[in-house]
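Dropping a prediction and its sequence here:
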Amino acid sequence: MPTDDKTKGELYAGLVFLVRGSFPKRCSNCGTVFETAQEFLAKTASLQTGSGLRGTLDDEERSIVEIYRNCVCGSTMMEPCRDRRDTSEEGLSRRERFGDILKILTDKGVAFDVGRGELLKVMRGEESALIKDLLK
């Protein structure tokens, strides 16, 4: 499915914006770098006790879940997972950008649900063959 350079640029810029979050993440103890959330989960170990998940509130009283994992060096690391309905200025901007990218995909003939699913994959640090193909 051919994509013009302008659309490729918009699509790429939008994807970078959506996934920039807190990755790459670096272990403060040994310096190991985890480029994506997927890599963080794959290359760290679950805690020996408990689930490694903790529900809490952030500084703005919004619900978040904290994921605790052990780095290869044994240091415990935490990654906060915020509600995707983030109503902060940045959260609203991210949602708007998500919508813009989804429109690019649907304009290229991708079904809405398929496009949404592929964007969510990218946001989780997974690979999307469909989006990769569009960026060629």
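On my side now, so go ahead.

For the residue of the chain positioned farthest from its centre, give its distance to Tyr68.
Here the chain reaches farthest from its C-alpha mean at Thr49, the gap being 26.7 Å by CA atoms, centre = their mean. Here Thr49 is placed at a distance of 10 Å from Tyr68 (CB to CB, to the nearest Å). C-betas here are computed from N, CA, C, even on glycine.

how about the helices in the protein?
All helices of the chain, identified by DSSP state H, fall at 5-19, 37-42, 89-107, 112-123, 129-134.

The ones you listed: which one's closest to Lys25?
helix 37-42 (5.8 Å; CB to CB).

Apart from its neighbours in sequence, what residue is nearest Tyr68?
The shortest distance from Tyr68 to any non-neighbouring residue, by CB to CB, 6 or more residues apart in numbering, is to Gly52 (4.6 Å).

Tell me how far the most centrally placed residue in the chain lies from Val72.
Central residue of the chain (CA atoms, centre = their mean): Met123, 3.1 Å from the mean position. As defined by CB to CB, Met123 lies at a distance of 25 Å from Val72.

where's Val33 relative to Gly99, distance?
Taking CB to CB, one finds Val33 at 31 Å from Gly99.
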